[in-house]
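S.K.: one predicted model, sequence on top.
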Amino acid sequence: MTVTPELAAQRLRAAIREATAGLINRDQLAELMILAAVAQEHVLVIGPPGTAKSAVVRRVAHSLGGNYFEYLLGRFTEPSELFGPVNLSKLREGLVETDIAGMLPEAEIAFLDEVFLGSTAILNTLLGVLNERQFRRGHTRIRCPLRVCVGAANGLPEDEGLAAFADRFLLHVFVEAVPDNRLEDLLAGGWQVSQRPVTVLADISSLDVLNQAVPLVDMDGVRLALAHAIRQLRQANIQLSDRRIVKAQQLIAAAAVLAGRQAATGADLWPLLYVIPTASGQQSAREVLREVLAEARHPLLQAVVEQAAQQPLARVARLVESADLLLMQADAAVPAVEALLREIDANFDATQLPADLAPRRGKLVAALGSAVYAASAS
């Protein structure tokens, strides 16, 4: 069976849902990990200990299948712990070769916790793996199958050398502890996660199909808007390196592919926010790029787009999906229908309802009326 980009994207969406079931406020990280994998870029996750960074990465990786490598780095971590030991039989022959079986050079998805604690030797070797997908050590020269590497740390490094290494992770994600108003959800979700293993719902071949589609995306329609957005950021003293500016196009093209488009549109510019390397810069950029982000929407990456834009159109995909789920239920709870209708009406008045949301609102109103009638009759 030939896997189309549309089918591959749907499989990845299913993988995201499977991976984040029970994890509160972590959909954004999972979706950005998928975006990075499609763009073949890397993600840096910054947040305090105990905020489920590793849990999200591990569950997404398992739901995608493929070779997964995970390691917690420390001050005394040796390069061989990541890349493999020297092959002793080859060493006797005078060749310095590395036995990479089961190690990072063979991984398709990798997670490196406390990544900035790595030694200079480790970080220098990592640069080749991350940037060029090449592992070079002694006489060993191999092409790495790595799709995405996620690095995690408690904070951004202040050391100039480490900051340059952090810049190689194109997407920067900042996570915080679950807020007080969702503690009950955290407890219930945490119990659910501990009782339920992750099911594999996608595969690396799905990623391959989407990877191949990214370079074919027509970027001409958004290049002027992207340049204008970067000028706005510079005027607000939010600086991006030339490398990050150019590579941002990979993420925009990947967003378009995941949305089923062959040409990028203004709705796909939102990844630019996550290319900004600091939390304060991202927060400031939301206001600076308010007009640009007003168009943001995505049928699959719903949570991260909503978080980025924080505007009505970004909520449409989630509202449509929620409406469809309720309408499929013959006995949908009245409070749930009422809550969804209130959210729809809070975001859009009758004259501004998006075309894909308007008919669903009408059906919800009709369903609510039937449910109220049935309740009164009983």
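M.R.: On my side now, so go ahead.
S.K.: pLDDT weak spots in the stretch 201-350 of the chain?
M.R.: Within the stretch 201-350 of the chain, no range satisfies pLDDT under 70.
S.K.: can you give me the helices in it?
M.R.: Per DSSP state H, counting those that start in this stretch, the stretch 201-350 of the chain carries helices over the ranges 204-213, 220-235, 242-258, 272-275, 279-288, 290-293, 302-309, 316-328, 334-347.
S.K.: a markdown table please, covering these and showing distance to Asp356 and mean neighbour count.
M.R.: In short, each C-beta sits where N, CA and C put it, glycine included. Formatted as a markdown table, these follow (distance: least, C-beta to C-beta, whole Å; neighbours: other C-beta atoms under 10 Å):
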| stretch | distance to Asp356 | mean neighbour count |
| --- | --- | --- |
| helix 204-213 | 23 | 18 |
| helix 220-235 | 22 | 15 |
| helix 242-258 | 18 | 21 |
| helix 272-275 | 24 | 25 |
| helix 279-288 | 25 | 16 |
| helix 290-293 | 20 | 18 |
| helix 302-309 | 13 | 24 |
| helix 316-328 | 6 | 17 |
| helix 334-347 | 12 | 15 |
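S.K.: including distance to Ala101, could the ones you listed go into a markdown table?
M.R.: What follows is the helices of the stretch 201-350 of the chain, written out as a markdown table (distance: least, C-beta to C-beta, whole Å):
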| stretch | distance to Ala101 |
| --- | --- |
| helix 204-213 | 19 |
| helix 220-235 | 43 |
| helix 242-258 | 31 |
| helix 272-275 | 35 |
| helix 279-288 | 39 |
| helix 290-293 | 46 |
| helix 302-309 | 35 |
| helix 316-328 | 43 |
| helix 334-347 | 51 |
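S.K.: so for Ala153, which of these sits nearest?
M.R.: helix 279-288 (12.8 Å; C-beta to C-beta).
S.K.: what's that closest one packed up against?
M.R.: strand 171-174, helix 220-235, helix 272-275 (3 or more C-beta pairs under 8 Å, 6 or more residues apart in numbering; DSSP states H and E).
S.K.: for stretch 187-199, what does the pLDDT average out to?
M.R.: Stretch 187-199 shows an average pLDDT of 75 in the prediction.
S.K.: return the set of buried residues in it.
M.R.: Residues of stretch 187-199 classed as buried: Gly189, Gly190, Val193, Val198 (neighbour count, 16 or more other C-beta atoms under 10 Å).
S.K.: in helices only, show me these.
M.R.: Assigned to helices by DSSP state H, the following of the buried residues of stretch 187-199 qualify: Gly189, Gly190, Val193.
S.K.: I'd say the last one and Arg26 touch.
M.R.: No: using C-beta atoms under 8 Å, Val193 makes no contact with Arg26, being 10.4 Å away.
S.K.: which residues are in contact with both of these two?
M.R.: Residues touching both Val193 and Arg26 (C-beta atoms under 8 Å, 6 or more residues apart in numbering): Ala55.
S.K.: could you dump the ones in helices among the buried residues of stretch 187-199 to TSV with distance to Cys144?
M.R.: Shown next, in TSV, are those (distance: C-beta to C-beta, whole Å):
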residue	distance to Cys144
Gly189	35
Gly190	35
Val193	31
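S.K.: returning to what we had before: how about the helices and strands packed on helix 279-288 in JSON lines, adding distance to Val60?
M.R.: Listed next are the helices and strands packed on helix 279-288 as JSON lines, based on distance: least, C-beta to C-beta, whole Å:
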{"stretch": "strand 171-174", "distance to Val60": "13"}
{"stretch": "helix 220-235", "distance to Val60": "28"}
{"stretch": "helix 272-275", "distance to Val60": "16"}
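S.K.: contacting residues for Leu273?
M.R.: Contact partners of Leu273, counting by C-beta under 8 Å, 6+ apart, are Gln282, Ala285, Arg286, Leu289, Leu293, Ala308.
S.K.: any idea how far Gln302 is from it?
M.R.: 15 Å (C-beta to C-beta, to the nearest Å).
S.K.: that older thread, among the contacts of Leu273, which two are most distant?
M.R.: Going by C-beta to C-beta, the pair spanning the contacts of Leu273 furthest: Gln282 and Leu293, at 11.6 Å.
S.K.: got the buried residues for the one helix or strand Ala121 maps to?
M.R.: Element membership for Ala121, per DSSP states H and E: helix 120-127. Neighbour-count burial for helix 120-127 flags Ile122, Leu123, Thr125, Leu126 (criterion: 16+ other C-beta under 10 Å).
S.K.: quick one: pLDDT of the closest residue in space to the last one that isn't next to it in sequence?
M.R.: This means Leu126. Excluding the flanking residues, the one nearest Leu126 by C-beta to C-beta, 6 or more residues apart in numbering is Gly118, at 6.9 Å. pLDDT for Gly118: 93.
S.K.: so Gly118 touches Arg75, yeah?
M.R.: No: if you go by C-beta under 8 Å, Gly118 and Arg75 don't touch, sitting 9.1 Å apart.
S.K.: about what we covered before: the buried residues of helix 120-127: which two are farthest apart?
M.R.: It's Leu123 and Thr125 that sit farthest apart of the buried residues of helix 120-127, by C-beta to C-beta, at 7.4 Å.
S.K.: separation between Asp349 and Ala358?
M.R.: Counting by C-beta to C-beta - Asp349 and Ala358 are separated by 12 Å.
S.K.: having no further points to raise, I will conclude here.
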